[in-house]
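**Student:** prediction below, plus the sequence it came from.
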Amino acid sequence: MDGETALKIGVLALQGDFQEHETILTSLGVDVREVRLPEQLDGLDGLILPGGESTTFGKLAVTFGLLEPLRSLARSLPMWGTCGGLVFMAKKVGFDQPIMGVLDVVVERNAFGRQVDSFEQDINVRGIEGGPFHGVFIRAPVVRQVGPAVEVLCALQDGRIVAVRQGSLMGTSFHPELTDDPRIHKYFLKIVSEKKG
Amino acid sequence: MEKGTETVKRGHAQMLKGGVIMDVVTPEHARIAEDAGACAVMALERVPADIRAHGGVARMSDPGLIVRIMEAVSIPVMAKCRIGHFVEAQILEAIGVDYVDESEVLTPADEEHHIDKWTFKVPFVCGCRNLGEALRRIGEGAAMIRTKGEAGTGDVVEAVRHARAVLGEIRRLAAMRTDELMAYSKDIGAPYELVCETAQKGRLPVVNFAAGGVATPADAAMMMQLGMDGVFVGSGIFKSSEPARRGKAIVEAVTHYNDPKILAEVSKGLGEAMVGIGVTQLPEKERLAARGW
């Protein structure tokens, strides 16, 4: 990381695999903060919403007053959701559950089926150099529709969209935090650095 | 595209971390659990407290009931098969449950062997009382571990005993010289490679939940502070007077397990907890945790 002070990245720690994200971020020299309450959002340079159950995130975010602060911060703070985190950021998910609604996409939850249909596959992600990325898809969602400001970073061979970017907001259906390949975390940190200026 | 790999099996459990998995016996229960913030449900015909009361042979639940519960909620659904009963496990895999619990709560079908879990696409969770038992189950292919505790009692003492045993043994193991690991693996009856991996990581190679007797938000938070990755609540929710409120409070307690002020707040006004049975009052032959080898 260039610059004197490390980037401060929050990881939403309501439920899910937030520790796996923290391990990779720490190895990249980032100052990591767990976020469970609104005041823990203060002073962050970016926020990761981990994998986990999006319904659980939603209920806890409502109860502890995180939903509105997250929505307004998404206008300026870089955010990246993986799997359940992507679902939570989406505008529409087809279920009656509290969501942030900040990423202009329609997401279909559990789009590949149940756990027995979870899979691993090499994928090509736009902006990620050095060959294919190993995608780990667990009861994964896909992006069904994207708004005009959304760039598709990755679609599978059958056309299903599994990675998107809208300005400094990002979403992936798969779990880079379950691999030891930090390229997508580095990609996100680049967005954060550029935004910070 | 590869399905049923170790990464996606273990990875699914990683998505459940920091969450609460609730026992449910009807689709209505399942919806209450989902609304309360459960990260998954365990579909059953009877909760463990009722299995105890009912007596007789406890088997896999009716697949029809499990399917109705799967249709009722969007969160993952787990179901239990008997220890060693690989055909019950095949049936659960065929209907598409997200995790199979090879569980001592049901009557064991084999008193020597557990299921060879590597041969399945569906991941398995298994109970343990100590590190040796945990690593034997992982050696057989379990992708997630939980303490046995003493299910259906509402008494957390056995879950605490088992959590302290596993986590304490891992701390001692992590401090060992490498030339001590082979003798240690022989002592605890665990595969050498898994002993080495656990020593090097300082934790189990798979996610490790608390289970068996958790009945209150404080119980759940204590298990988290001891170092568990999440909590199963069996009879503790739907055997209490206000399941929806208690379920929500336990979910909140697991997220904020290190914040006593929030724990105090969420513990208020939950009504009666399940009545429970003190484990010390339980005759040896009625203890479920002794099942499994």
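**Tutor:** Nice, I can see it. Numbering: from 1, shown residues only, chains lettered A, B, ... in the order given.
**Student:** please work out which residue of the stretch 51-200 of chain B is closest to chain A.
**Tutor:** residue B:98 (3.9 Å; Cβ to the nearest Cβ). From N, CA and C alone the C-beta is placed, and that goes for glycine too.
**Student:** distance of that residue from residue A:179?
**Tutor:** 22 Å (Cβ to Cβ, to the nearest Å).
**Student:** out of these two, which sits in the more crowded spot?
**Tutor:** residue B:98 (24 against 19; other Cβ atoms under 10 Å in any protein chain shown).
**Student:** just confirm that one contacts residue B:73, I think it does.
**Tutor:** No: counting by Cβ atoms under 8 Å, residue B:98 sits too far from residue B:73 to count as a contact (10.9 Å).
**Student:** and the residue most central in space within chain A, what helix or strand is that in?
**Tutor:** For chain A, the residue nearest the mean C-alpha position is residue A:81 (1.3 Å; Cα atoms, centre = their mean). Using DSSP states H and E, residue A:81 sits within strand A:79-82.
**Student:** next, see if that strand gets close to chain B.
**Tutor:** No: using Cβ under 8 Å from any Cβ of the partner chain, strand A:79-82 never reaches chain B; the gap is at least 9.9 Å.
**Student:** re the thing from before, how near is the residue of the stretch 51-200 of chain B closest to chain A to residue B:144?
**Tutor:** For residue B:98, the distance to residue B:144 - Cβ to Cβ - is 11 Å.
**Student:** joint contacts of those two?
**Tutor:** residue B:123 (Cβ atoms under 8 Å, 6 or more residues apart in numbering or on different chains).
**Student:** can you tell me the helix or strand for residue A:107?
**Tutor:** strand A:103-108.
**Student:** quick one on the thing from earlier: what pLDDT is listed against the residue nearest to the centre of chain A?
**Tutor:** Here, the pLDDT recorded for residue A:81 equals 98.
**Student:** so for the particular helix or strand that has residue B:88 in it, what gets flagged as buried?
**Tutor:** Assigned by DSSP H and E, residue B:88 falls within helix B:86-95. For helix B:86-95, the neighbour count (16 or more other Cβ atoms under 10 Å in any protein chain shown) marks B:86, B:88-89, B:91-93 as buried.
**Student:** contacting chain A as well, which ones from those?
**Tutor:** residue B:93.
**Student:** what's the burial count for the nearest residue to residue B:232 once chain neighbours are set aside?
**Tutor:** Of all residues not flanking residue B:232 in the chain, residue B:211 sits nearest, at 3.7 Å (Cβ to Cβ, 6 or more residues apart in numbering or on different chains). Residues near residue B:211, counting by other Cβ under 10 Å, number 32.
**Student:** my read: residue B:211 touches residue B:127, true?
**Tutor:** Yes: assessed by Cβ under 8 Å, residue B:211 is found in contact with residue B:127 at 6.8 Å.
**Student:** overlap in contacts, these two.
**Tutor:** Here residue B:211 and residue B:127 have B:146-148 as joint contacts, going by Cβ under 8 Å, 6+ apart.
**Student:** in TSV: those, plus pLDDT, secondary structure and neighbour count.
**Tutor:** Listed next are the shared contacts of residue B:211 and residue B:127 as TSV, based on pLDDT from 0 to 100; DSSP: H, G, I helix; E, B strand; the rest coil; neighbours: other Cβ atoms under 10 Å in any protein chain shown:
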residue	pLDDT	secondary structure	neighbour count
B:146	98	strand	30
B:147	98	strand	33
B:148	97	coil	27
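**Student:** correct me if wrong: residue A:90 contacts residue A:98.
**Tutor:** No: taking contacts as Cβ under 8 Å, residue A:90 lies outside contact range of residue A:98: 11.9 Å.
**Student:** more neighbours, these two?
**Tutor:** The neighbour count for residue A:90 versus residue A:98, taken as other Cβ under 10 Å, is higher for residue A:90 (27 against 16).
**Student:** any chance of the backbone angles for the closest residue to residue A:174 other than its chain neighbours?
**Tutor:** Counting by Cβ to Cβ, 6+ apart, residue A:135 is the residue found nearest to residue A:174 once chain neighbours are left out, at 4.0 Å. The phi/psi pair for residue A:135 (degrees, to the nearest 10) reads phi -90, psi 130.
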